[in-house]
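**Student:** Build me a model:
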Amino acid sequence: MQKYQDLLNLIQSMENDVKRYYEKGPNNLSVKLRKSLLDVRSLAQELRGEILEIKNQRKAAKKK
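**Tutor:** Residues are numbered from 1 along each chain as shown. The predicted structure is shown next:
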């Protein structure tokens, strides 16, 4: 659940930069936003792996 919360926090932290980029368009924000999106992708993959691991543990527990 912590990884999910981290993902939400990261997305929320990007909100002001996204708004400023689309309203004013300073190019230096594009680099920052793309970096943040890579971090989002990484966290999402970690969360996906965690979910899959829990699913497999539950499946294995049912077989016993």
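**Student:** Now do the residue nearest the centre of the chain against Asp6, distance only.
**Tutor:** The residue lying closest to the centre of the chain (Cα atoms, centre = their mean) is Val40, at 3.2 Å. With the distance defined as Cβ to Cβ, to the nearest Å, Val40 ends up 10 Å from Asp6. (Each C-beta comes from the backbone N, C-alpha and C, glycine too.)
**Student:** Asn56 too?
**Tutor:** Asn56 is 22 Å from Asp6, by Cβ to Cβ.
**Student:** Equivalent analysis for Gly25, please.
**Tutor:** Distance from Gly25 to Asp6, counting by Cβ to Cβ: 29 Å.
**Student:** of the two, who's got more company?
**Tutor:** More crowded of Gly25 and Asp6, by other Cβ atoms under 10 Å: Asp6, with 14 against 9.
**Student:** so what pLDDT did the more buried one get?
**Tutor:** Model confidence at Asp6, given as pLDDT, is 95.
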